[in-house]
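Asks: Quick one, what's the 3D model for this:
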Amino acid sequence: MIKITNEFLEKGKSIKGGWSSAQFRSLGVSSFKKGWKRKLIGTDVTEEQADKFINLKDAHIGKREENKRKREETRNGSYTVSVYQEKEWIDVRQKVLDRDNGRCVNCGSSKNLRVHHLIYERGKEIWAIPLWYMVTLCDNCHKIEHSKDFISPTKIFEFKKR
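Replies: So this is what the prediction gives:
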């Protein structure tokens, strides 16, 4: 058995200076009401519990960093450049460009074309969204689209009929 001390708790702090709830669950703590630390100090835990507490000290930071990266990839409906290099996206993009006759559906330009998603579906890759939720826009109209909502529901209905 190992006695919990201030030193033991300090050793379990993450590089950011805190603890995770998983660490405290490993010690049998389920609520963090005022005085939780005072109640914990002086109690005995098994070596297995102590090892788990120490081993979990930075685990939550790795998960936070991974989640932060995922959020950055999908922030504001935009993805990292690498997603646009996937073969699946390149194929879907070409289908949308072909469907729209290689022209911006808003102004008719055939220069600097992008395929714009009218919606994103949570948990789906960008190429897994139905084609009628994608439109061809020139770079200028695409910038305008991201600054305001200018494609009407009527246009979406027209795309669905194609």
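Asks: Just the pLDDT for residue 152.
Replies: Note on residue 152: pLDDT of 51.
Asks: actually residue 68, not the one I wrote
Replies: pLDDT recorded at residue 68 is 58.
Asks: check contacts around residue 43.
Replies: Residues counted as contacts of residue 43 (CB atoms under 8 Å, 6 or more residues apart in numbering) are 3-4. Every C-beta, even on glycine, is put in place using the N, C-alpha and C of the backbone.
Asks: State the distance from it to residue 53.
Replies: For residue 43, the distance to residue 53 (CB to CB, to the nearest Å) stands at 12 Å.
Asks: same check, this time on residue 133
Replies: Residue 133 is 48 Å from residue 53, by CB to CB.
Asks: And for residue 4?
Replies: To residue 53, residue 4 is 9 Å away according to CB to CB.
Asks: Common neighbours of those two, please.
Replies: Residues touching both residue 4 and residue 53 (CB under 8 Å, 6+ apart): 27, 45.
Asks: ok, those two, which is more surrounded?
Replies: A count of neighbours by other CB atoms under 10 Å puts residue 53 above the other of residue 4 and residue 53, at 24 against 20.
Asks: Walk me through the domains of the chain.
Replies: For the chain, automatic domain parsing gives the domain ranges 2-63, 78-161.
Asks: what's the neighbour count on residue 136?
Replies: Applying other CB under 10 Å, we find 24 residues neighbouring residue 136.
Asks: Quick check, it in contact with residue 108.
Replies: No. Residue 136 is not in contact with residue 108 according to CB atoms under 8 Å; the separation is 10.4 Å.
Asks: can you pull out the strands in the protein?
Replies: 2-3, 44-45, 113-117, 134-138 (DSSP state E).
Asks: Can you redo these as JSON lines, where the extra columns are mean pLDDT?
Replies: Shown next, in JSON lines, are the strands of the chain (pLDDT from 0 to 100):
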{"stretch": "strand 2-3", "mean pLDDT": "88"}
{"stretch": "strand 44-45", "mean pLDDT": "88"}
{"stretch": "strand 113-117", "mean pLDDT": "91"}
{"stretch": "strand 134-138", "mean pLDDT": "93"}
